[in-house]
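Visitor: Build the 3D model from these lines:
(chains A and B)
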Amino acid sequence: MKVNNMKTKFVLLAAIAAALTASPVFAATESAATKWANECGGCHVAYPAKFLPAATWTKIMSGLDKHFGSDASLDAQTSKAISGYLATNAGSGKHGESPASLRISDTRWFQREHSEEMDPSIFKSPLVKSVANCGACHLGVAKGDYSERNIRIPGQGNRRNDD
Amino acid sequence: MNRNRILMLLAFFAATSANAAPAEFLKDFETQARAESAAFKGFSAERGSQFFHAKHGAEWSCASCHTDNPASVGKHAKTDKEIKPMAPSVNPERFTDAAKVEKWFKRNCGDVLNRACTALEKGDFLTYVLSVRK
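Guide: Numbering: from 1, shown residues only, chains lettered A, B, ... in the order given. Sure thing, here's the model as predicted:
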């Protein structure tokens, strides 16, 4: 096939590129971050990697078939990609604490931040339901934004803007 | 340069990337169900509905998260996370991706039945959710 018209050539290349991106063969090139967002966000908010240290994520990833009472198992390839992403973006310093329960909500920093200036009984409110339901108060969870300025406790209006 | 060649190329790639349809999953489940039991006589939406709404020894039924109506938006029983409707009539993305279908049957059958689902159960389930209209 002889292609001697620049415009036609471009259209052809664009068409092939578009078709390739839609092809499952190339779905494997989906980034680890996207895999993390899709898989870890399937049943709950995709909790930011920085909230737990790498060692804790390793434990979580090796027990996905019994993930806090649910089967969250992944195929080997996806699991490997997500493990790599979590290790790269894992927490340290204040966020380096490794809770025995593997739960973010059992770290000292989490408990401190959710008891100062607020009533922890809100977690039991039907409007929140569970400590796992970050998005009930943190309006920016979809963008990984847990800052104070984006908190709205249901039934209580806005928090002060001091962040 | 002719447009036909572009169209041919596009058609080729479209064909290789075509999504599966729910009917293809039904066909696979049927083949497996025949292999599982010689007494297999086809899937039943009614059996699928019973399966969907009943508990099977564990804490949750399918309906615990997907609600009593598979055409409704669901909510994770524990985390409250929104779950898109199961019924392909309102959510055409359902049962089009083999990897997803396999992943979620494996997980959710484990959660709801404490075991893997049989092909008969999967076929009945799919037949039921396909029968549900808006």
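
Visitor: looking at this, residue B:60 is in a helix?
Guide: No: Residue B:60 is assigned coil when assessed by DSSP: H, G, I helix; E, B strand; the rest coil, not a helix.

Visitor: thinking it is in contact with residue B:110, fair?
Guide: No: at 10.9 Å, residue B:60 and residue B:110 do not qualify as touching, with contact defined as C-beta atoms under 8 Å. Where C-beta positions appear, they are placed from N, C-alpha and C, glycine not excepted.

Visitor: Compare neighbour counts for those two and give me the winner.
Guide: Using other C-beta atoms under 10 Å in any protein chain shown, the more surrounded residue of residue B:60 and residue B:110 is residue B:110, with 19 against 16.

Visitor: wait, what's in contact with the more buried one?
Guide: A:65, A:70-71, B:116 (C-beta atoms under 8 Å, 6 or more residues apart in numbering or on different chains).

Visitor: Can you add distance to residue B:92 and secondary structure and give these back as TSV?
Guide: Listed next are the contacts of residue B:110 as TSV, based on distance: C-beta to C-beta, whole Å; DSSP: H, G, I helix; E, B strand; the rest coil:
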residue	distance to residue B:92	secondary structure
A:65	30	helix
A:70	27	strand
A:71	26	coil
B:116	27	coil
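
Visitor: Show me which pair in the residues you listed is furthest apart.
Guide: Pairwise distances across the contacts of residue B:110 peak at 15.2 Å for A:70 and B:116 (criterion: C-beta to C-beta).

Visitor: So for these two, which sits in the more crowded spot?
Guide: residue A:70 (20 against 12).

Visitor: Can you tell me how far the more buried one is from chain B?
Guide: 5 Å (C-beta to the nearest C-beta, to the nearest Å).

Visitor: for that residue, which residues make a bridge with it?
Guide: Under DSSP bridges, the beta-bridge partners of residue A:70 are residue A:67.

Visitor: That one and residue A:43 touch, don't they?
Guide: Yes: if you go by C-beta under 8 Å, residue A:70 and residue A:43 touch, sitting 6.9 Å apart.

Visitor: what do those two both touch?
Guide: Counting by C-beta under 8 Å, 6+ apart, the common neighbours of residue A:70 and residue A:43 are residue B:78.

Visitor: what secondary structure does residue A:87 sit in?
Guide: Assignment for residue A:87 (three-state DSSP): helix.

Visitor: so what are the domain limits for chain A?
Guide: Domain assignment for chain A by automatic domain parsing gives A:1-29, A:31-103, A:114-163.

Visitor: do you know which of these lies nearest residue B:52?
Guide: Counting by C-beta to C-beta, residue B:52 lies closest to domain A:31-103 out of the domains of chain A; the figure is 18.3 Å.

Visitor: what about that closest one, how long is it end to end?
Guide: 26 Å (C-alpha to C-alpha, to the nearest Å).

Visitor: Centre of the chain to it, how far?
Guide: Centre-to-centre, domain A:31-103 and its host chain are 8 Å apart (C-alpha atoms, centre = their mean, to the nearest Å).

Visitor: circling back to that earlier point, quick check: which of the domains of chain A is buried the most?
Guide: Of all those, domain A:31-103 has the most neighbours on average by mean count of other C-beta atoms under 10 Å in any protein chain shown, namely a mean of 16.

Visitor: average pLDDT across that domain?
Guide: Mean pLDDT, computed over domain A:31-103, is 96.

Visitor: Please apply the same query to stretch A:107-125.
Guide: Computed over stretch A:107-125, the average pLDDT equals 91.
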